[in-house]
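Give the three-dimensional model of this entry:
(2 chains)
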Amino acid sequence: MSPSLTFRTGVRDVLPTVFGYIGVGLAFGIVAHTSHLSLLVVGGLSFVVYAGSAQFIITSMLLLHDPLSAIFISTFLVNSRMILMSTSLAQYFKHESLVRNLLIGTLVTDETFALAMNKQNKTNGKLSFAWQSAANLVAYLVWGVATVVGAILGGLIADPTRFGFDFALTAMFIGLVYLQLISDKHLGMSLQLSVMVFVALAYYFLIAVMSQNFALLVATVAGCLFGMELKKCH
Amino acid sequence: MSLSLTELWVILGCGAITVLSRVLPFAFVKSLNMPAWLISFLSFVPITIMTALCCESLFIAHAGHLASLNIANCLAAIPATIAGVLTKSLLMVVVIGIMAMAILRYFSIG
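The predicted structure is shown next:
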């Protein structure tokens, strides 16, 4: 990753994450197809809702004929981590106009957020509207197209996991967390490692007593508080 | 090609909820000056969220019991991590990870 922040660099930087979108996008399309959702609904979910894990949950809840209110609440809970990510990312765009801030916010995802955090480690804490928009737009289009293609292929591919594509997303987060660990000079390696161990342990114990999505949120918030306290002691 | 009224409401409603979760923080941060403790708190969001997202794929949850390891994902994570340490390239981590998982599946491991 170079320090350049142009639209073109954004497109280049987001390419490695595209594998994750294609793998999971195809998987979502296939699941949606087997859940009897039409192409229109798949496209609608991907291009309007645009939230990976929430889309899987919405699909299963539609299949179970859950009430609208339950679907809305689940979507909010699953996506509540976006509030944390957007608040964190928004600090880098305070100098941009409100309209540009809203445009960036509309298409933020786990992946483009993580990518931006890695990028700012290389640029002395700077991000640009052009770079972030490029990353956001490529991710958005690839996700939408991959899910629709998955829904069309749905009946044809017997077992897409055979080729290991379902691991692309996990591999991507492993890569992003490692790059974050070695390049965030503000927090440093030892503090970040302590926080990582704390989050992993917290998540491990929390999923025994609550849903995975809720555990993810609680472990994240607890990890941030733990990090703040630890930083004071250093 | 069909779209029921329920499906339309789900798409519009969930779309609105998601976009508000993403956009409102940008509007707030733009207009307010954030206190120092909040900025310190947020500086830990990247590492904590990414760690938690990794854990989500490495553990298998069992309601009421402690989680178990997702053996296939944990095994494939090893070469992927080594690729990261050696190359510092996100693309290499993803490619090696997918290849490792394909090999594991071929030999029906995990």
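
low-scoring stretches of chain A, by residue?
A:155, A:157-161 (pLDDT under 70).

For the closest residue to A:T123 other than its chain neighbours, grab phi and psi.
Leaving out its chain neighbours, the residue that sits closest to A:T123 by CB to CB, 6 or more residues apart in numbering or on different chains is A:P3, at 4.8 Å. C-beta coordinates here come from the backbone N, C-alpha and C atoms, glycine included. A:P3 has phi and psi values of phi -70, psi -10 when expressed as degrees, to the nearest 10.

doesn't A:F163 make contact with B:A102?
Yes: look at B:A102 against A:F163 with CB atoms under 8 Å: they come within range, at 5.3 Å.

The host helix or strand of A:Y21 near chain B at all?
Here A:Y21, judged by DSSP states H and E, is contained in helix A:7-34. Yes: against chain B, helix A:7-34 shows contacts by CB under 8 Å from any CB of the partner chain at A:15-17, A:19-20, A:23.

Please identify which of those is nearest to A:Q212.
A:G20 (18.5 Å; CB to CB).

Kindly tell me how buried whatever residue of chain B ends up closest to chain A is, as a neighbour count.
Nearest residue of chain B to chain A (CB to the nearest CB) works out as B:G97 at 2.7 Å. Per other CB atoms under 10 Å in any protein chain shown, the neighbour tally for B:G97 reads 30.

Could you measure from A:M82 over to A:H65?
27 Å (CB to CB, to the nearest Å).

follow-up on the earlier one: could you identify the most distant pair in the residues of helix A:7-34 next to chain B?
A:L15 and A:G23 (14.2 Å).

So those two - more neighbours on which side?
A:G23 (26 against 13).

Run a quick check on the more buried one versus A:L169, I expect a contact.
Yes: contact criterion CB under 8 Å: A:G23 and A:L169 qualify, at 6.3 Å.

Quick check: the single nearest residue of chain A relative to chain B vs A:Y178, distance?
Relative to chain B, the nearest point of chain A is A:A171 (2.7 Å; CB to the nearest CB). Per CB to CB, A:A171 is found 11 Å from A:Y178.

list the residues that contact both of these two?
B:V93 (CB atoms under 8 Å, 6 or more residues apart in numbering or on different chains).

So the two - more neighbours on which side?
A:A171 (35 against 21).

mind checking the SS state of the residue nearest to the more buried one when sequence neighbours are not counted?
Leaving aside its chain neighbours, A:A171 sits nearest to B:G97 (2.7 Å; criterion: CB to CB, 6+ apart). Here B:G97 is helix, with the state taken from DSSP: H, G, I helix; E, B strand; the rest coil.

B:G97 against B:C74, yeah?
No: B:G97 lies out of contact with B:C74 (CB under 8 Å); the separation is 11.9 Å.

Any idea how far apart the tips of stretch A:33-40 sit?
11 Å (CA to CA, to the nearest Å).

what comes into contact with that stretch?
A:42, A:45, A:59-60, A:62-63, A:148, A:150-152, A:154-155, B:1-3, B:7.

Which parts of chain A are helices?
Listed in chain order, the helices of chain A (DSSP state H) span residues A:7-34, A:39-44, A:52-63, A:68-79, A:81-90, A:98-106, A:110-122, A:129-153, A:168-183, A:189-206, A:212-233.
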